[in-house]
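Trainee: Please find the sequence and the predicted model below.
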There are 2 protein chains.
Amino acid sequence: MPEFLKLATPSAALGRWLETIPSPLASRIERIPTPLALGRVLAEAITAQEALPPFSRSTVDGYALRAEDTFGASASAPSYLQLAGEVPMGAAPVLAIGPGQAAVVHTGGAIPAGANAVVMLEDTQQVPGGEIEVFVALGIGRNVITAGEDVQPGERVLEPGLRLRPQEIGGLMALGVTEILVRPRVRLGIISTGDEVVPAEASPGPGQVRDVNTHTLSALALRWGAEPRAHGIIPDDLEALLRTARQALAQDDLVAITAGSSASTRDNTAEVVSRLGDPGVLVHGLAIRPGKPTILGVAGRTPIIGLPGNPVSALVIAGLMIPPAVRKLSGEMRPAVTATVRATLAADVPSEAGREDYIPVRLEATPAGWIADPVFGKSNLIFTLVRADGLIRIPAEATGLTRGSPIDVIPME
Amino acid sequence: MPEFLKLATPSAALGRWLETIPSPLASRIERIPTPLALGRVLAEAITAQEALPPFSRSTVDGYALRAEDTFGASASAPSYLQLAGEVPMGAAPVLAIGPGQAAVVHTGGAIPAGANAVVMLEDTQQVPGGEIEVFVALGIGRNVITAGEDVQPGERVLEPGLRLRPQEIGGLMALGVTEILVRPRVRLGIISTGDEVVPAEASPGPGQVRDVNTHTLSALALRWGAEPRAHGIIPDDLEALLRTARQALAQDDLVAITAGSSASTRDNTAEVVSRLGDPGVLVHGLAIRPGKPTILGVAGRTPIIGLPGNPVSALVIAGLMIPPAVRKLSGEMRPAVTATVRATLAADVPSEAGREDYIPVRLEATPAGWIADPVFGKSNLIFTLVRADGLIRIPAEATGLTRGSPIDVIPME
């Protein structure tokens, strides 16, 4: 057996791979309606054309007034102000506030000229003669958001490379930016290989199994905001794989090849990656379980990943390696954040030092918090992951974790 | 001002609301192709019609053999076995293994009749005469996954109420289940109100602002796997709001009304909720900031939420209250898990005891881990949330958090 496995650490391997990936994809930029841009990556800087809010607004229901007129006011010694009218909602205020005057204003209503603060309704009382008593002293600007307090005209509010969340969609619409330029969805080419693999729609004959990886990888791609492009199932034949890989390379931004299961096929993937173009294979073999036989490579400017053929390894490795590559290809600028769930480990988990381990766990709610119960199973068993709510990572330097240890669970959603 | 705000705790309020929500929605069940079902909720139990794997398979490249023939074998005293041939990939094994025999088998290949273990290639050596030396003793079943080890025929593998992830899609396809029944996407009706609110496409006149909430809530709905259905912007008019709310109630599974900003409109929402049908308003006012004026109600079997009009409050409250309701309506059975990021607080954050506070924070990576930097801003400023990566929660019993405290950040993605 060839000694082809130089075991790089997953993070070092990922770092080497990412270095070679261009950022961001420059072509296929689209102009789309902002409400359809959730999860897309902005391809332009957005500069506000107007102020937000467009006019100074009250943040409470109450009376707009001049703060100076309330100085020294208290419950026992209220200020008395003359009611000058009411600010209508959704229209320009026609009245102006002079010294000793106040006007009814609703939350979100415009602050009339002359006023510089709003007293809350509950800190006042109407008295006969069209007057109000004000029981509190107000500072200038109290209960007011001033025009442009959120955004100034000419302010650069969003930068290219931002992946758009609900608040960005809302912010853009608030500014009247109803169409935007977005970067393309990253195209993830998916090639499944193996003489024994048949389409999921087929009835497997003796010695055959259905294709799982095309479907899990396609679903993962959708989760990551990428566009999955399945290139079918290729037999364990070097030339056939090379042809399909060249096709994928011409059309896709990132290519994943899931190895057929035989040793010769694994060699096929490495051979294909090195024949597709320079720099070729960067990493062959990771100090990780599951997923040791992973291949990371680049042909020209297109990253290629050779995933293990078994579905659990393929899913775990894809989840670790592909999202950072997708982010890099999108030129995404916000740092990647891994959110976890704190839990208590329900069983001892052995691990070999020098190798990073990922173990599927089931989360169980208890009054004392979450319990993480390892779902042990060979990495060929996809239903191991169906029974799991998340993964725990055992770092390379550890030789296992003991029952009762606190542990961070990476949810699988 | 009416003393209408009885301040329930957010969790008690949510509990009361969820109790009244039917689970799951019984109508509009669809049959769809499994590869399109990512994120959908299964509406049927899935029973495996076949075994997975369908035949016993090798997990390594090596030689299939009878474990008994290796008992006592070691590097210094190997067992000698006669090579009987090679198991082809993707076809039925034609050979059978007798005592003293072995056959080449690839990872994923079928275990031939008579064999009960596989020795890894690296633990063997070919010797002249068509024999191999085996340097290790193997237990029965070593490096083999047996037929049905993942799934047995007749086994119930998935339950109704499961939200489908990549691994479930893969597992279903592995079993040849290419179409499934799924529950409907929950329809979230969205009604924006306010005399001052104009569509985002319009140029606001004096005193007018663009609608933000329809767009943030629609985007949130998509995030939660729900179907947003915008009912437009309704002026501050009780009858008009009642008409639109009745329409939404007839078509949608959950209705969100974002209050116009005036006090009278807030009364409108409560009045409308109580007139739509029993039990009406369940909760009016939450001990929370932002989001105190939240209304939770139910008309017949349809939950209704009255959200504050300002976009930050609306987004925060929607994020806390609507996903559990969507889960309940979907009959989702997996427990909800909130994953967080551990960070160190960069500044003091004041808070009033008795009130739960949610503060937007920006995450900054440092060599010592994440720093959570509070983004202070009035809750009317949507760009406050654009600058934030997540939220921190200050529990009701706390009076604030001090700089340098460890804090769990709920990412906003």
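Mentor: That came through fine. Numbers count the residues shown, from 1 in each chain, chains lettered A, B, ... in the order given.

Trainee: Could you list the low-pLDDT ranges of the stretch 151-300 of chain A?
Mentor: In the predicted model, the stretch 151-300 of chain A carries pLDDT under 70 at residues A:260-266.

Trainee: Enumerate the residues of the stretch 201-350 of chain A near chain B.
Mentor: Where the stretch 201-350 of chain A comes near chain B, counting by Cβ under 8 Å from any Cβ of the partner chain, the residues are A:201, A:203-213, A:215-220, A:222-223, A:236, A:260-264, A:309-311, A:315, A:334-335, A:337-342. Bear in mind the C-beta positions are built from the backbone N, C-alpha and C, glycine included.

Trainee: who's in contact with A:Val337?
Mentor: Neighbouring residues of A:Val337 by Cβ atoms under 8 Å, 6 or more residues apart in numbering or on different chains: B:Val341, B:Leu363, B:Trp370, B:Asp389, B:Gly390, B:Pro411.

Trainee: And for A:Leu18?
Mentor: Taking Cβ under 8 Å, 6+ apart as the contact definition, A:Leu18 lies against A:Pro324, A:Ala325, A:Lys328.

Trainee: Do you know the pLDDT at it?
Mentor: pLDDT, the model's per-residue confidence, is 96 for A:Leu18.

Trainee: roughly how far apart are it and A:Pro228?
Mentor: Distance from A:Leu18 to A:Pro228, counting by Cβ to Cβ, to the nearest Å: 21 Å.

Trainee: Can you get me the centre-to-centre distance for the helix or strand containing A:His215 and its chain?
Mentor: Using DSSP states H and E, A:His215 sits within helix A:213-223. For helix A:213-223, the distance from its own C-alpha centre to the chain's C-alpha centre is 17 Å (Cα atoms, centre = their mean, to the nearest Å).

Trainee: Now do the buried residues in that helix.
Mentor: Within helix A:213-223, the residues that qualify as buried by neighbour count (16 or more other Cβ atoms under 10 Å in any protein chain shown) are A:Asn213, A:Thr214, A:His215, A:Thr216, A:Leu217, A:Ser218, A:Ala219, A:Leu220, A:Ala221, A:Leu222.

Trainee: And the contacts of it?
Mentor: When contacts are taken as Cβ under 8 Å, 6+ apart, the neighbours of helix A:213-223 outside the stretch itself are A:188, A:190, A:192, A:200, A:227-228, A:230, A:232-233, A:256, A:258, A:307, A:309, A:311, A:314-315, A:318-319, A:322, A:382, B:34-35, B:38, B:165-167, B:169-170, B:173.

Trainee: After that helix, heading C-terminal, what element do we hit next?
Mentor: Towards the C-terminus, the helix or strand next in line after helix A:213-223, according to DSSP H and E, is strand A:227-234.

Trainee: after that next one, next one along is what?
Mentor: Moving toward the C-terminus from strand A:227-234, the next helix or strand (DSSP H and E) is helix A:238-251.

Trainee: Identify the residues contacting that following helix?
Mentor: A:187, A:189, A:191, A:193, A:229, A:231-232, A:234, A:255, A:257, A:268-269, A:271-273, A:275-277, A:299-300, A:302, A:304.

Trainee: what angle do that helix and strand A:227-234 make?
Mentor: Helix A:238-251 runs at 170 degrees relative to strand A:227-234, counting by axes from the mean of the first three to the mean of the last three Cα atoms, to 10 degrees.
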